[in-house]
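Peer 1: Test case, fold it:
(chains A and B)
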There are 2 protein chains.
Amino acid sequence: MHTAPFEPATRLLAGPGPSNPDPRVIAAMQRPMLGHLDPDLHELLLDTVELLRLAWRAPHDALVLALSSTGTSAMEAGIVNLAAPGETIVVANAGFFGARIIELARRHGLKVVELKADYGRAVPNRLILAALERNPQAKLVAVVHAETSTGVEHPVSQLGAALRETGHQALLMADCVTSLGGVELDFDAFKLDYAYSCTQKCLGAPPGMAPVALSARARERLVTRTHEPPFTLDLTELERYWIQRPAAYHHTAPILNIYALHEALRLVHVEGLEQRWRRHRVAGAYLQQGIQALGLRLLAEPHRQLAPLTAVLAPDGVDRAATQTALLREHGIEVGGGLGPDAPAMWRIGLMGHNATEETAERVLTAFEAVLDRQHALAAA
Amino acid sequence: MHTAPFEPATRLLAGPGPSNPDPRVIAAMQRPMLGHLDPDLHELLLDTVELLRLAWRAPHDALVLALSSTGTSAMEAGIVNLAAPGETIVVANAGFFGARIIELARRHGLKVVELKADYGRAVPNRLILAALERNPQAKLVAVVHAETSTGVEHPVSQLGAALRETGHQALLMADCVTSLGGVELDFDAFKLDYAYSCTQKCLGAPPGMAPVALSARARERLVTRTHEPPFTLDLTELERYWIQRPAAYHHTAPILNIYALHEALRLVHVEGLEQRWRRHRVAGAYLQQGIQALGLRLLAEPHRQLAPLTAVLAPDGVDRAATQTALLREHGIEVGGGLGPDAPAMWRIGLMGHNATEETAERVLTAFEAVLDRQHALAAA
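Peer 2: The predicted model follows:
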């Protein structure tokens, strides 16, 4: 056991998240700590909610707040709050996080209708709508807007409107962990019912919280449901703390993480959401072009390729893990590998939040080229 | 909506928690952020576990880690991991947090045998043992070591040994949210099976994580259980990330909060656990003496009075809420009120972690005296 202060190395976090937070976000965590029941903190919560509403583009009747935990628990919160054991969920599974929705739904006792796409592809919306037609009793339909395990964007913008047209009762749940703040997303126009994200990717704050949004339809479900979710994940209870005034105690909120989230959302607002999406697009395109110029192939179908997350197939003869280790140890750059036992050999490169710049992309490309060149030289020797 | 940077006032956090973290703990959160799958972070997790094991005084075969959430979710994790719906839990309810255990157990579908104490008292161990004898099928028995809503310490040190002597299968779960790092506590010698705490009280870190410890008996339950808890709270899954190497991805850990927890535990280790308990004892006694010298009465039975948390009964004719507001707004001091609709009118004063000093106690007493004097003058006028 080491008992000296921890002195971490400096990393460029260019994996699937976390990203390096904006220094102003980290600085906000040094401000004097208020208590979780301090009226001044409750003001900050409401300000954070309104900034978050803008980031989601959620309407005024949507419930917006952040869980004091991570994206996965917000995924679970959607499942356990909006469907009761025995009810049906339709899940578009296009990678690790689609599969995780299924696993969490199964644990909650839901019947799962799974629609599976190959790695690098999305499940077509028409198949989702057809599955809902075959399952009129379904209470939820889940898609992953930005599948962090493959870099594929689900065409969610058209799904909500099509779903509403059918008159189906199912609520539309979207995993926006890698899209909020970095990819075009409009909770209102996309007609989402439940969306969740995290703080540590395109929003550019450290990990520890999970922003969510619920439509009026989803809020109605909270009121009429007869089952009770775990207290930790109960969105009705969380609303009593975040929104109701005087606030009701639920748990001790992670105050410094709220400072960080507020500052991160403030910076999103100052930059402008569309400008921020553009910045992510430009940086992602620069990286993807450069990766292909190195002779490497991308996993995602080109028209579904996300900007903040690029999955690169490791070519035959190249040691995927050794490449990652060399990037980390020699260049101070973190990139991810594949997620889950079935994933093809790949690297996942993220340009998110503060890191979504051409300069960062260039730095990653330069390091990649150096490491791969040496691997090729070793293989040839 | 305000879009300027948030500039909180400086507070002395002398309520029931959070406490003001040691400045070195806050400084640790400014260090370069690693990713949650970085091998260097995984080393830090293991170091944190060993420091935490010392703070719990947990044996080598105990599972020790921290949830990426708050004390309440660690309470819920114990319930949902260690008992299946339909099984029985015996709960000693001596205040708000005892009642919360019952509420969470009820949500999980457990049968609850409740033993209730009046405000300011503890449930006698002999009643707990008698209830277990009447309920041989009980799987869990829960007590609150330090009841944050009343300032009462449960005599947990003798309960575990007595329970083991009876040969009863029930696992002993203890809420140590306000005791870990501030009150004598020995997971091993007390024969606890599941204990949980938080970071923001006597450990002196900001809120956001929840340290837990499981005995070998409790770990066995994890292996043999047939029900599945929510993924977020699944201690088996969390062990795969915290302990197993290579670590398995579960969620994105709140990296900066882990830095803070590690630094806080390091400072506990450097100070020495017994010295730290002594410091809390001395500060608490100083405060309690001073409060009584002001003519105020304490809620807790004297021989059960906790050091880190003192519940003070608001005298007739004194406005409890106005006193709190004056302390906050005029003196920059946060103290708590009563918790829950049934609580008598009271203030709760905490001297925890970095704040457990006679100087802090004196500052609180001086402010209390000034505010109460003015209230008396107003009442007399």
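
Peer 1: Quick check: A:Ser215 vs chain B, distance?
Peer 2: A:Ser215 sits 21 Å away from chain B, going by CB to the nearest CB, to the nearest Å. Bear in mind the C-beta positions are built from the backbone N, C-alpha and C, glycine included.

Peer 1: ah, wrong one, I meant A:Arg278
Peer 2: Taken as CB to the nearest CB, the span from A:Arg278 to chain B is 21 Å.

Peer 1: Helix or strand: which one has that residue?
Peer 2: helix A:273-293 (DSSP states H and E).

Peer 1: Does anything pack onto that helix? Which helices or strands?
Peer 2: strand A:297-298, strand A:309-313, helix A:358-380 (3 or more CB pairs under 8 Å, 6 or more residues apart in numbering or on different chains; DSSP states H and E).

Peer 1: Of all those, which one comes closest to A:Pro18?
Peer 2: strand A:309-313 (12.8 Å; CB to CB).

Peer 1: which residues touch the closest one?
Peer 2: A:16, A:120, A:146, A:148-151, A:178, A:284, A:287-288, A:291, A:296-300, A:338, A:344-352 (CB atoms under 8 Å, 6 or more residues apart in numbering or on different chains).

Peer 1: which of the residues you listed count as buried?
Peer 2: Neighbour-count burial (16 or more other CB atoms under 10 Å in any protein chain shown) applied to these gives A:16, A:120, A:146, A:148-151, A:178, A:284, A:287-288, A:291, A:296, A:298-300, A:338, A:346-352.

Peer 1: so A:Thr236 makes contact with A:Leu222?
Peer 2: Yes - assessed by CB atoms under 8 Å, A:Thr236 is found in contact with A:Leu222 at 5.2 Å.

Peer 1: still on that earlier bit, could you dump the helices and strands packed on helix A:273-293 to JSON lines with mean pLDDT?
Peer 2: Shown next, in JSON lines, are those (pLDDT from 0 to 100):
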{"stretch": "strand A:297-298", "mean pLDDT": "98"}
{"stretch": "strand A:309-313", "mean pLDDT": "98"}
{"stretch": "helix A:358-380", "mean pLDDT": "92"}
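
Peer 1: Point out the most buried one among these.
Peer 2: Mean neighbour count (mean count of other CB atoms under 10 Å in any protein chain shown) peaks for strand A:309-313 among the helices and strands packed on helix A:273-293, with a mean of 26.

Peer 1: got the angle between the helix or strand following that strand and helix A:358-380?
Peer 2: Next helix or strand after strand A:309-313 toward the C-terminus (DSSP H and E): helix A:320-331. Calculated by axes from the mean of the first three to the mean of the last three CA atoms, to 10 degrees, helix A:320-331 forms an angle of 120 degrees with helix A:358-380.

Peer 1: Name the residues of helix A:320-331 that come out as buried.
Peer 2: So helix A:320-331, judged by 16+ other CB under 10 Å, has buried residues A:320, A:323-324, A:326-328, A:331.

Peer 1: helices or strands next to the helix or strand just after it in the packing?
Peer 2: Next in sequence after helix A:320-331, counting helices and strands by DSSP H and E, comes strand A:333-334. Packing partners of strand A:333-334 (3+ CB pairs under 8 Å, 6+ apart): strand A:12-13, helix A:320-331, helix A:358-380.

Peer 1: what about 10 Å?
Peer 2: Secondary-structure packing of strand A:333-334 (3 or more CB pairs under 10 Å, 6 or more residues apart in numbering or on different chains; DSSP states H and E): strand A:12-13, helix A:320-331, strand A:346-350, helix A:358-380.

Peer 1: and the last one, how far from the chain's centre?
Peer 2: Averaged C-alpha coordinates place helix A:358-380 at 28 Å from its chain's average position (CA atoms, centre = their mean, to the nearest Å).

Peer 1: got it, and the first one?
Peer 2: The gap between where strand A:12-13 is centred and where its chain is centred comes out at 18 Å by CA atoms, centre = their mean.

Peer 1: For the closest residue to chain B within the stretch 101-250 of chain A, grab phi and psi.
Peer 2: Taking CB to the nearest CB, chain B has its nearest neighbour within the stretch 101-250 of chain A at A:Gly208, 3.5 Å off. The phi and psi torsions at A:Gly208 (degrees, to the nearest 10) take the values phi 140, psi -10.

Peer 1: Pull the contacting residues for the residue nearest in space to the middle of chain A.
Peer 2: By CA atoms, centre = their mean, chain A has its centre lying nearest to A:Val177, at 0.8 Å. With contacts defined as CB atoms under 10 Å, 6 or more residues apart in numbering or on different chains, A:Val177 is in contact with A:16-17, A:70-72, A:74-75, A:97, A:144-148, A:195-198, A:200-202, A:210-211, B:252.

Peer 1: at 7 Å what do you get?
Peer 2: A:71, A:146, A:148, A:197-198, A:201 (CB atoms under 7 Å, 6 or more residues apart in numbering or on different chains).

Peer 1: quick one: the helix or strand hosting A:Ala27 near chain B?
Peer 2: Using DSSP H and E, A:Ala27 sits within helix A:23-28. Yes - Helix A:23-28 lies within reach of chain B by CB under 7 Å from any CB of the partner chain, at A:Ile26.

Peer 1: Which stretches in chain A count as strands?
Peer 2: Remark: strands assigned in chain A by DSSP state E are A:12-13, A:63-67, A:88-93, A:111-116, A:140-144, A:146-147, A:152-153, A:171-175, A:194-196, A:210-214, A:297-298, A:309-313, A:333-334, A:346-350.

Peer 1: hey, which of the ones you listed is tucked in deepest?
Peer 2: Mean neighbour count (mean count of other CB under 10 Å) peaks for strand A:146-147 among those, with a mean of 30.
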